[in-house]
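Asks: below are the sequence and a predicted model for it; my questions follow.
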Amino acid sequence: MSSRPWLLYAYPWMPFPRRVTIYLCEKRIPPSLVTVVPVSDPQLGNSAPPEFPPRPQGSLPILAIPSAHESKDEPYLFIHQSLAIMNYLDELCDAGHQGFPLSQYSMRGADALSRARQTALLALADECTIAWNPVRTFGTGAGTMSIPEASKEMIRWVRRPLGTIEGLFKDRDFSSLRQGGTQGPTIAEIVLYQFLEFTIDCYGKDMTQGSSEVVKDVYGRDVVESFPKLGEFYAAFKTRDSAKRDPAAGEVASEAVLKKMQTWADGVLRCISEPSGCSRCTKLNLSCVYAVSMVGRKSKRDRARTRASLENEVPMTADPVVAADEIPASNSMDSAGMLYPPWSDGHYHDVEEAGTVSFDQLLMPSFDAIIGNEPNSQSDSYSNISFPNLDMRGRGLSHDTENHATLDLIYQDAAAAEFSHRNGLSKTTHHSAIGSPALPVGGCPAQSQKNVQTESGTHDVHRSHIDAIGEVIACLDSHVQAGTVRIDEAMTICKARLASITEIMELDSYKLCTTCRTLISVSLELIVSLYETVVSSSKYTSSGSLPSSDKFPSLFFGGFEVGAEEHSTLRRHIVSTELQRPIPLLQGLSSGCCAAEGSDRRKRHMQYFSEIEDRITTLVSRLEV
């Protein structure tokens with residue numbers, strides 16, 4: 001091993017680096033072997049202390065290993081991504097190589113079966129962390145767009161993998177996991193603990209707490225919202241020395257950052273059943289949402305007696321369009337900017353491409369009112385609304401560099417078709433050049449304004465719309481991420497998706513759902529992003545997607561044969577026409593914006609729609625060059 005220590009560049013309090021620092025403590029790897037280099041928050045310089053080499057480019061954490069050749073050009077070898085770093089170090093510890101302490105037990109599983117189980121737990125725990133991004137983006141002061149209903153829906157998607165983990169833990173006894181016990185954590189358990197700790201410490205949201213009531217899960221199934229084994233696991237792990245945060249080492253976020261993260265939009269959190277005020281609200285000196293919501297509400301027993309009759313039900317009323325205008329607006333909406341906020345100057349720091357931005361930066365507040373901004377995420381569902389499963393192994397909206405493999409495109413679209421078939425959404429489907437079906441649209445169960453105002457925990461009346469648009473988002477995003485679509489394929493895909501969106505927007509019940517408008521705007525932005533990808537790539541030229549000039553198919557206008565020049569003109573006209581298809585829909589969204597006239601929120605929305613339209617105009621102008 002080199003005489004110089006290895007360097008772990010990390011934002012100490014953020015989720016992904018903290019996984020690794022917990023791991024180092026559990027493995028008893030001393031600073032003489034791996035030194036943690038605390039990098040300042042992106043809004044505070046994004047730099048390493050002067051006594052260390054400069055922060056390397058890319059997503060943190062990064063493990064810098066001194067080169068064996070002591071090369072001036074390449075003094076370090078770099079390992080990126082928290083899971084890769086932990087696995088690499090664990091390999092060394094298991095073998096006792098390069099001076100690393102010999103493992104006392106396997107953190108990845110001692111045999112094939114245990115490794116498979118640990119891999120499953122790791123995937124679920126990692127999914128939770130990544131899926132948290134849309135929750136905070138739409139529901140807290142750490143985001144840039146306040147859409148409480150969307151944030152509330154996405155919390156349900158975070159609970160989906162947590163419910164699966166709860167089932168895996170049903171026979172576990174965590175008493176030996178406590179400090180001084182006989183059981184040590186696995187890498188998967190470190191990742192799970194870090195997620196639970198992060199939501200509690202930073203966002204004031206205890207994800208181990210449920211309502212203990214029977215609720216509908218994201219697939220419409222009845223489940224008990226309760227996570228007692230997760231609570232046991234978290235309580236046991238928290239006693240360990242590795243779980244202690246050291247403020248002096250930067251492992252606790254600043255007060256300004258915490259205030260942003262713990263400022264939740266009205267109606268997002270459903271507080272736990274403590275009528276006097278739940279512990280979260282008491283701790284944060286807030287008015288308890290649960291206590292307020294219970295005023296004038298029927299008891300569970302009375303509601304059960306009248307459940308069969310909707311006329312006797314007393315719905316909880318809430319304005320779904322209420323949003324905090326004071327949430328800072330982003331300065332740019334490039335790419336998926338609506339979901340992934342840009343830096344304060346509209347560019348990414350320290351990198352040449354947005355793809356190297358740390359996902360940890362996504363989970364931070366966007367400090368418009370403090371210092372700057374922040375900026376990326378992935379899943380495993382058929383509807384893939386993509387905030388729900390923003391990850392989850394490449395499905396859904398995936399812009400995170402704690403990245404995962406890009407989803408197989410055929411599977412993505414087949415999954416959407418299977419979901420539609422299972423849910424009886426029986427519109428005729430069409431296929432793109434690579435087999436992507438146009439997404440069917442089901443009728444919205446909301447037949448009146450009365451039904452839109454539903455009691456907390458009831459089935460989402462606009463689920464069929466949200467699921468259908470979610471599938472559109474998932475399909476489009478998978479193609480954007482793949483970046484391998486030809487221009488003719490892109491036009492076919494986008495035309496089919498625009499047809500699905502148009503069907504939804506023409507329904508009377510669509511006007512009652514603000515969440516649908518938001519998701520449709522995301523869909524249109526992704527369509528523009530897909531066109532930007534293919535138009536800017538070499539695949540737009542004749543070398544890739546279109547035949548060369550001496551191989552054009554014979555085409556006649558009456559008796560006139562269309563030549564190479566006319567072919568090019570015709571192609572540009574067709575592409576230009578397809579590029580402009582989203583504009584009427586954008587104008588419809590703009591004219592139907594329900595934000596108050598003159599409000600900051602309305603201005604942000606208008607700016608967003610205008611910027612998308614400007615991007616379309618730019619693309620069209622490029623075709624004329």
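Replies: Structure's in. What do you need? Quick caveat: nothing in here was measured; it's all calculated off a predicted structure.
Asks: how many other residues sit next to Ile466?
Replies: 23 (other C-beta atoms under 10 Å). No exception for glycine: its C-beta is placed from N, CA and C like everyone else's.
Asks: please apply the same query to Cys202.
Replies: When neighbours are defined as other C-beta under 10 Å, Cys202 has 25 of them.
Asks: and for Tyr234?
Replies: Residues lying near Tyr234 (other C-beta under 10 Å) number 21.
Asks: can you check the pLDDT for it?
Replies: Note on Tyr234: pLDDT of 97.
Asks: same thing with Thr144?
Replies: Looking at Thr144, its pLDDT is 83.
Asks: which secondary structure elements does the helix or strand containing Asp488 sit against?
Replies: In this assignment (DSSP states H and E), Asp488 forms part of helix 487-505. Packed against helix 487-505 by the contact rule (3 or more C-beta pairs under 8 Å, 6 or more residues apart in numbering; DSSP states H and E) you find helix 463-482, helix 514-536, helix 564-579, helix 582-591.
Asks: those: which one's closest to Gly231?
Replies: When the helices and strands packed on helix 487-505 are compared by C-beta to C-beta, helix 463-482 sits nearest Gly231, at 29.1 Å.
Asks: strands of the chain, residue ranges please.
Replies: Counting by DSSP state E, the chain has strands at residues 6-10, 34-38, 62-66, 76-80, 214-216, 222-224, 556-557, 560-561.
Asks: and the third one, what does it pack against?
Replies: For strand 62-66, the contact count by 3+ C-beta pairs under 8 Å, 6+ apart identifies strand 6-10, strand 76-80, helix 82-95 as packing neighbours.
Asks: outline the domain layout of the protein.
Replies: If you go by automatic domain parsing, the domain ranges for the chain are 6-99, 113-312, 406-546.
Asks: so which of these is the most surrounded?
Replies: domain 406-546 (a mean of 20; mean count of other C-beta atoms under 10 Å).
Asks: got the contact list for Met207?
Replies: Contact analysis of Met207 by C-beta atoms under 8 Å, 6 or more residues apart in numbering lists 128, 158-159, 162, 195-196, 199-200, 227, 230.
Asks: show me which pair in these is furthest apart.
Replies: Within these, Arg159 and Ile200 form the most distant pair, 15.1 Å apart (C-beta to C-beta).
Asks: picking up where we left off before, using a markdown table, lay out the helices and strands packed on strand 62-66 together with distance to Pro247 and mean pLDDT.
Replies: Below are these laid out as a markdown table (distance: least, C-beta to C-beta, whole Å; pLDDT from 0 to 100):
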| stretch | distance to Pro247 | mean pLDDT |
| --- | --- | --- |
| strand 6-10 | 16 | 97 |
| strand 76-80 | 27 | 94 |
| helix 82-95 | 22 | 96 |
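Asks: out of the helices and strands in this protein, which is least certain?
Replies: The weakest-scoring helix or strand in the chain, judged by mean pLDDT, DSSP states H and E, is helix 449-452 (a mean of 36).
Asks: quick one: the helices in the stretch 1-150 of the chain?
Replies: For the stretch 1-150 of the chain, helices defined by DSSP state H, counting those that start in this stretch occupy the ranges 15-26, 82-95, 112-139, 148-168.
Asks: how about the contacts made by Ser67?
Replies: Contacts here follow C-beta under 8 Å, 6+ apart; on that basis Ser67 touches 74-77.
Asks: and the two most separated of the residues you listed?
Replies: Using C-beta to C-beta, these span at most 9.1 Å, a distance reached by Pro75 and Leu77.
Asks: what is in contact with those two at once?
Replies: Residues touching both Pro75 and Leu77 (C-beta under 8 Å, 6+ apart): 66-67.
Asks: Pro185 touches Val191, doesn't it?
Replies: No. Between Pro185 and Val191 there is no contact under C-beta atoms under 8 Å: 9.7 Å.
Asks: look up how far Ile200 lies from Gln209.
Replies: Taking C-beta to C-beta, to the nearest Å as the measure, Gln209 falls 10 Å from Ile200.
Asks: go on, Ser554?
Replies: 68 Å.
Asks: follow-up on the earlier one: closest to Ala596 among the contacts of Ser67?
Replies: Ranked by distance to Ala596 (C-beta to C-beta), the contacts of Ser67 are led by Tyr76 at 53.6 Å.
Asks: okay, the closest one and Pro56: tell me how far apart.
Replies: According to C-beta to C-beta, Tyr76 stands 7 Å off from Pro56.
Asks: quickly list what's touching both of the two.
Replies: Each of Ala64 lies in contact with both Tyr76 and Pro56 under the rule C-beta under 8 Å, 6+ apart.
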